[in-house]
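[1] have a look at this prediction, sequence included:
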Amino acid sequence: MNDEAKRKQLRKYKAFATGLFVLMAIVFIITTILQKSNDSHWIGYVRAFSEAAMVGALADWFAVTALFRHPLGLPIPHTNLIENSKERLGDNLGSFVVSNFLSPQNIRPYIQKLKVSNFVGEWLTKEKNQEVLIKNLSDIVLDILNKLDDSTVSSFISKKVSEMTDDIKLNNIIGSGINYLLDKNDHQRIITNLSKQIKDYIIENDEMIQKRVKEGSYSFIPSFVDNKIADKIASGLADFFKEVEEDPEHDIRTLITKKIYEFSTDLKEDPKWEDEFKDIKNNFLKNDKLDEYSNDIWFSIKKTLMKELQDDESSLKNYLSKNLNEFSQNLKTDEKLQNKIDHWVRVTAYKYILKNTHQFGNLISSTVGNWKGKELSEKLELEVGKDLQFIRVNGTLVGGLVGLIIYTISHFFL
């Protein structure tokens, strides 16, 4: 394409961008007039869109024009930037954007208005959105699983298990676990249940007790005496274990608790137990066995995950869907959770924007600083002027959309 064709194309897109602005101005005037006599809500939305679109169009028109010439031929200071002061313009423009648009005092009021929890909660409530989210997450995880090198993952698992178990003292863990159960008094349920089982066994097997008594008795003792002794033994034992079952303060419970405490202390303090458990651990976690275990673990996990992620009705996806429903309801009803999430979003957005404001300034400064004089200004406008007109068009449309979004948020969420 020659220069003449490029000029013709540039004029065409300039006319299009300007026409779009004129259209927004007409819409704004009409809706402003209508709004005085009509209470329809849609008028406010259209007016907000057109108003923001005009602002975006004008701002981008001035920015684009000032790069190459004086807007409307007026010698406005700090215009015709490329030709007159490209180096200083680059620095000033970068500093201007950062200082006036991205300063803490300008950002903070808008950041404080951010409230995304309700929006996210409403979005997640819709089943279609949940399906899209779960599908996209599943696809991402599946892609990661397929790209992972199995041998590398198995080696990683093996290495980490080996590192974690090197300093683990199983005797201390088991001893502390026993103490934990004792401190919570959970062992009493075991004693109660065991006492009941023994009592029931004695009652149900009284004939076996009689037989044993007869076998150990003298031949000259009558059978009825042996039976009487057996009944007494069975009855006494059954009554004893019934007492243990029903009395939470029984002496035998105290004795058992004391002995278990002594055993747990012995487990933690006696070196023989540490050596014994270390031998068990070392035999169980030899390098060849550990590699084999790690490989089996990884392939089992991978196979299960891939099956769950590929099946639309899998337990994992159903579980995710259930939790998304609960989470969405909490987002809409739990004020504490809403405040926590919104606060996190605001703080994160605020810090991120402030942290990267200098990047915007540096970008503008370095870009403008690389331009050279009037010839470059004319040539650059000819080469990229068409695309710069799309900045005006995009500024109009994006400005309108942003205005519409802000208007909508201010009416529904603020």
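    Looks like it came in fine. Please read all numbers here as calculations on a predicted model, not as lab measurements.

[2] contacts made by stretch 113-131 with the rest, please.
    With contacts defined as C-beta atoms under 8 Å, 6 or more residues apart in numbering, stretch 113-131 is touched by 133, 321, 324-325, 327-332, 337-338, 341-342, 345-346, 349, 409, 413-414. Placement of C-beta: from N, CA and C, glycine included.

[3] switch the cut-off to 6 Å
    Stretch 113-131 has contacts (C-beta atoms under 6 Å, 6 or more residues apart in numbering) with 321, 324, 328, 331, 332, 338, 341, 342, 345, 346, 413.

[4] also stretch 146-161?
    Stretch 146-161 is touched from outside by 290, 291, 294, 295, 298, with contacts defined as C-beta under 6 Å, 6+ apart.

[5] repeat that for 8 Å
    So stretch 146-161 is contacted by 285, 290, 291, 293, 294, 295, 297, 298, 299, 302 (C-beta under 8 Å, 6+ apart).

[6] quick check on these: which are buried?
    When the contacts of stretch 146-161 are checked for burial by 16 or more other C-beta atoms under 10 Å, the buried set is 290, 291, 293, 294, 295, 298.

[7] sitting in helices, which of those residues do you find?
    Of the buried ones among the contacts of stretch 146-161, the ones assigned to helices by DSSP state H are 290, 291, 293, 294, 295, 298.

[8] out of those, flag the one nearest to residue 64.
    For these, the minimum distance to residue 64 (C-beta to C-beta) is 56.7 Å, reached by residue 298.

[9] spit out the contact partners of that closest one.
    150, 153, 154, 157.

[10] check the gap between it and residue 158 for me.
    Separation of residue 298 from residue 158 (C-beta to C-beta, to the nearest Å): 9 Å.

[11] so residue 50 sits right up against residue 401, yeah?
    No: between residue 50 and residue 401 there is no contact under C-beta atoms under 8 Å: 11.6 Å.

[12] comparing these two, which residue is more hemmed in?
    A side-by-side neighbour count of residue 50 and residue 401, using other C-beta atoms under 10 Å, places residue 50 first with 25 against 14.

[13] contacting residues for that one?
    24, 25, 27, 28, 31, 400.

[14] what's around residue 173, how many residues?
    Around residue 173 there are 13 residues (other C-beta under 10 Å).

[15] and it, its phi and psi?
    Backbone torsions of residue 173, given as degrees, to the nearest 10, read phi -60, psi -50.

[16] next one: residue 185
    phi 70, psi 20.

[17] check residue 116 too.
    phi -100, psi -10.

[18] from residue 337, how far off is it?
    Applying C-beta to C-beta to residue 116 and residue 337 gives a distance of 12 Å.
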